[in-house]
Each structure stands twice: as C-alpha cells, then as structure tokens.
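*Asks:* predicted model and sequence follow; I will ask about them next.
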Amino acid sequence: MTQSIPLYQQIKQHILIRIESGEYPLHQQIPPEQELAEQFKVSRMTAHKAIRDLVQEGYLMRRAGLGTFVTEPKAESPLADINNIADEVRSRGHEYSNSVRVLEAIRANEEVALQMGMRLNARVFHSVIVHLENKVPIQVEERFVNPALASGYLQCDFSQQTPNAYLVEHCPLSDLEHIVEARMAPVMVRDWLQLRQETPCLLVTRRTWSMHQLVSFARLWHPGDRYKLRSTLKL
C-alpha cells in the first residue's frame, strides 16, 4: 500500500472495500483489533482508531462482549431544512411505510398553547405517526396543527401522504425553528421505536410558519443508535 496514506486510513480502506464488495456482508463480524494490528504491523491503538472512525461514520457497530459488526449506515436527515421523510427513505433505495397511532382534535394544554401561540383549551389537531424504513421504525412524529390554517388535516390519508407533504401543499412553509436534544424517550415512544430501555433518542422539537402564521408544533423522536442529523453551512 502507498505509505503516504496514514496507517489507520489503510485499515479503514481495507475494511470498506470488503464491505462494499460484499466480502463483509451486513451483520458480519469483522476481525478483532488485535488481528488487524498484526496483519498491518501497527499498534492496537492504530487499529482501534480505524474501527472507531468506522463506527462513528455508521459502517460498523460494536456489541459489548461480542465484537464489531457491519451495520447499515444510519438514516440521515438535513437539520437546516424540512424534507419529506418518505422521500428521504426512498432516495436511499429503501421501502417507506408508516403507522398512524393517533389522529384527533383536542384542547390545547399549557405547553401546546404556549408553543402554538394559542389560548389554553383552544381546539388543535393532534397526530402521532410512526415512520418506518424497510419496516424498521426510524421516527415517531407527534404533531399539533393549527386548524385555521389546515382545516382538512384530520381527513388526510396519511398512509398515502405524510403530514409534511400535506402541510407544504396546503400552507407553504416560510420559517422554521429547530431545537435538538439527546433525551430518553417516554415508554410508549420507546416501544414504538423498538428501543432498549437504555438507548437514548435524538429529539427534534420543530415549529413551522406560513406567511408569519404558526402552522404546527412537532416533536420528532429518532433512535439515537440508527439515526443522525446533518447540517451544512456555506460561509
């Protein structure tokens, strides 16, 4: 190999080539660090860095007491934009589906009224949808919608059109606000995402406006071990 390439990068390339060729298929265990260190005549620390980088990049997953395995890259959403999750999943060549758990009109409690800029007990539309990629849950979307701006929301067939697609079509979005936190999910959300009790989530709290009128307030729960958010900024 070309010696100008750092040794840990050589190990990364070695593993990536075998993943891409199918020699290391999905869920295959890769050789342990010590074996890679001996093969490339490097320290175990160098082999550890290569594997650590590939874990962080989403190609590998460590399982305590078992080893390191090839995993499917994490699903990814842009943080500075609002994309239709169905389009994102299909753009990766995967199957999108969802499960509607709640679709109702409710009275706004204190938190919802504050977030939506409404009076307490004002009527608001409420939905909870579990989004799946290849039948694996990747997001629980809980959304509150202003009925005055999206009157047909409760009549929408969300098996055919996501809430995002509906709102973009009926009240084009002009502004958005994102807050991202690492949180432990409530029990019901954890069950919907099929998470172990100790697995944290990425929670995106999002508010969207159309022509300076607040349209919706959403909580988007993502499994921290199989989802990531991306942001790009031109300087």
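*Replies:* Received it, and whenever you're ready, just let me know what you need.
*Asks:* for stretch 174-189, buried residues please.
*Replies:* For stretch 174-189, burial by neighbour count (16 or more other Cβ atoms under 10 Å) applies to 178, 185, 189. C-beta coordinates here come from the backbone N, C-alpha and C atoms, glycine included.
*Asks:* check pLDDT for the residues you listed and point me to the minimum.
*Replies:* Scanning the buried residues of stretch 174-189 for pLDDT, the low point is residue 178. It has 85.
*Asks:* I'd say it and residue 208 touch.
*Replies:* No - the pair residue 178 and residue 208 fails to qualify as a contact (Cβ atoms under 8 Å) at a distance of 9.9 Å.
*Asks:* narrow the buried residues of stretch 174-189 to those in helices?
*Replies:* Per DSSP state H, helices hold the following members of the buried residues of stretch 174-189: residue 189.
*Asks:* closest one of the buried residues of stretch 174-189 to residue 37?
*Replies:* residue 185 (38.2 Å; Cβ to Cβ).
*Asks:* in the protein, which helix is the longest?
*Replies:* The residue-count maximum for a helix in the chain (DSSP H) belongs to helix 7-21.
*Asks:* which neighbouring elements make contact with the helix or strand just after that helix?
*Replies:* Going down the chain from helix 7-21, the next helix or strand is helix 33-40, by DSSP states H and E. Counting contacts by 3 or more Cβ pairs under 8 Å, 6 or more residues apart in numbering; DSSP states H and E, helix 33-40 is packed against helix 7-21, helix 44-56.
*Asks:* nearest to residue 34, out of the ones you listed?
*Replies:* Ranking the helices and strands packed on helix 33-40 by proximity to residue 34 (Cβ to Cβ) places helix 44-56 first, at 5.9 Å.
*Asks:* can you pull the buried residues of stretch 7-27?
*Replies:* Within stretch 7-27, the residues that qualify as buried are 7, 8, 10, 11, 12, 14, 15, 16, 18, 19, 24, counting by 16+ other Cβ under 10 Å.
*Asks:* closest one to residue 221 out of the residues you listed, please.
*Replies:* Nearest to residue 221, judged by Cβ to Cβ, of the buried residues of stretch 7-27 is residue 19 at 29.1 Å.
*Asks:* tell me the domain ranges of the chain?
*Replies:* 7-70, 75-230 (automatic domain parsing).
*Asks:* returning to that earlier point: let me have the helices and strands packed on helix 33-40 in a markdown table, adding mean pLDDT as columns.
*Replies:* As requested, the helices and strands packed on helix 33-40 are exported to a markdown table (pLDDT from 0 to 100):
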| stretch | mean pLDDT |
| --- | --- |
| helix 7-21 | 90 |
| helix 44-56 | 89 |
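*Asks:* tabulate the ones you listed (a markdown table), appending distance to residue 69.
*Replies:* Shown next, in a markdown table, are the helices and strands packed on helix 33-40 (distance: least, Cβ to Cβ, whole Å):
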| stretch | distance to residue 69 |
| --- | --- |
| helix 7-21 | 11 |
| helix 44-56 | 10 |
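*Asks:* what's the closest of the ones you listed to residue 146?
*Replies:* Of all these, it is helix 44-56 that lies closest to residue 146, at 39.7 Å by Cβ to Cβ.
*Asks:* which element follows that closest one toward the C-terminus?
*Replies:* strand 60-63.
*Asks:* check which helices and strands that next one sits against.
*Replies:* Contact analysis of strand 60-63 by 3+ Cβ pairs under 8 Å, 6+ apart lists helix 44-56, strand 67-70 as its packing neighbours.
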